[in-house]
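*Asks:* here is a sequence with its predicted model. Questions after.
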Amino acid sequence: MTLADRPACIEILLGYPWTHYAMTEARATRVFDDGLAQGADLRVAVVDGVALGFVWILPRGAFHHSDYIRLIGVSERARGRGVGAALMDAAEGDAFAARRDMFLLVSDFNLAAQAFYRHRGYVQIGALADYVTPGNTELLMRKRWPTPPPPIVGA
Ligand SMILES: CC(C)(COP(=O)(O)OP(=O)(O)OC[C@H]1O[C@@H](n2cnc3c(N)ncnc32)[C@H](O)[C@@H]1OP(=O)(O)O)[C@@H](O)C(=O)NCCC(=O)NCCS
């Protein structure tokens, strides 16, 4: 992701489901500014020069052991065309080359995203009530690669 992709990504973050979390343009801008400043693993799907979606991966962000998907979003006008799948493929490709699991949280009310993740092999393994906002539960989902990666020599 570069600065040029930022406006399109901010627009996505101003939509569902982040509307449930009082997202504002200022907050959305800060999210990506912080990510870019930190050199975060933020990737975009670009078609004809326009960012249609993004994914933010935290390497070892789950329990300091496994990769964690912090955010994923696709522009409303580009959904259902494989953009989300391409972003997840990119995130999982790196994660499963080195480690065996990927984790993420999804809100209980976000049934469409839950279906998307289940379709990709994610399984709910936990639930965090009142975690991000009171009254909402975040479902903890995990995908496990069938074969362990080769051992790291010298580790
Ligand atoms: C969830 C989201 C990232 C999916 O991206 P997308 O580009 O619309 O999904 P894709 O077109 O790549 O779909 C990939 C596969 O998942 C399936 N899928 C996608 N949404 C689905 C749904 N709601 N129900 C069932 N299957 C679904 C598709 O049928 C497709 O299957 P196929 O590979 O067999 O054809 C996107 O809809 C989005 O940005 N939603 C709003 C933001 C959000 O909820 N983010 C997650 C927060 S935790």
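*Replies:* Received, thanks.
*Asks:* which is the next helix or strand following the longest helix anywhere in the chain?
*Replies:* Assignment by DSSP state H gives helix 83-98 as the longest helix of the chain. Downstream of helix 83-98, the first helix or strand assigned by DSSP states H and E is strand 101-107.
*Asks:* which helices and strands does the very next helix or strand once past that following strand pack with?
*Replies:* Next along the chain after strand 101-107, taking DSSP H and E as the criterion, comes helix 111-119. Applying 3 or more Cβ pairs under 8 Å, 6 or more residues apart in numbering; DSSP states H and E, we find helix 111-119 packed against strand 101-107, strand 137-144. Using the backbone N, CA and C atoms, a C-beta is placed for each residue, glycine as well.
*Asks:* returning to what we had before: return the distance of the longest helix of the chain from the chain's centre.
*Replies:* Mean C-alpha position of helix 83-98 versus that of the full chain (Cα atoms, centre = their mean, to the nearest Å) differs by 10 Å.
*Asks:* list the buried residues in it.
*Replies:* For helix 83-98, a neighbour-count test (16 or more other Cβ atoms under 10 Å) marks Val83, Gly84, Ala86, Leu87, Met88, Ala90, Ala91, Glu92, Ala95, Phe96 as buried.
*Asks:* how about stretch 28-36?
*Replies:* Of all the residues in stretch 28-36, those buried under the rule 16+ other Cβ under 10 Å are Ala28, Val31, Phe32, Gly35.
*Asks:* likewise for stretch 49-64?
*Replies:* Buried residues in stretch 49-64 (16+ other Cβ under 10 Å): Ala51, Leu52, Gly53, Phe54, Val55, Trp56, Ile57, Leu58, Gly61, Ala62.
*Asks:* just the pLDDT for Asp94.
*Replies:* pLDDT, Asp94: 84.
*Asks:* please begin residue numbering at 519 from this point
*Replies:* Let's use 519 as the start, then, which means that last one is Asp612.
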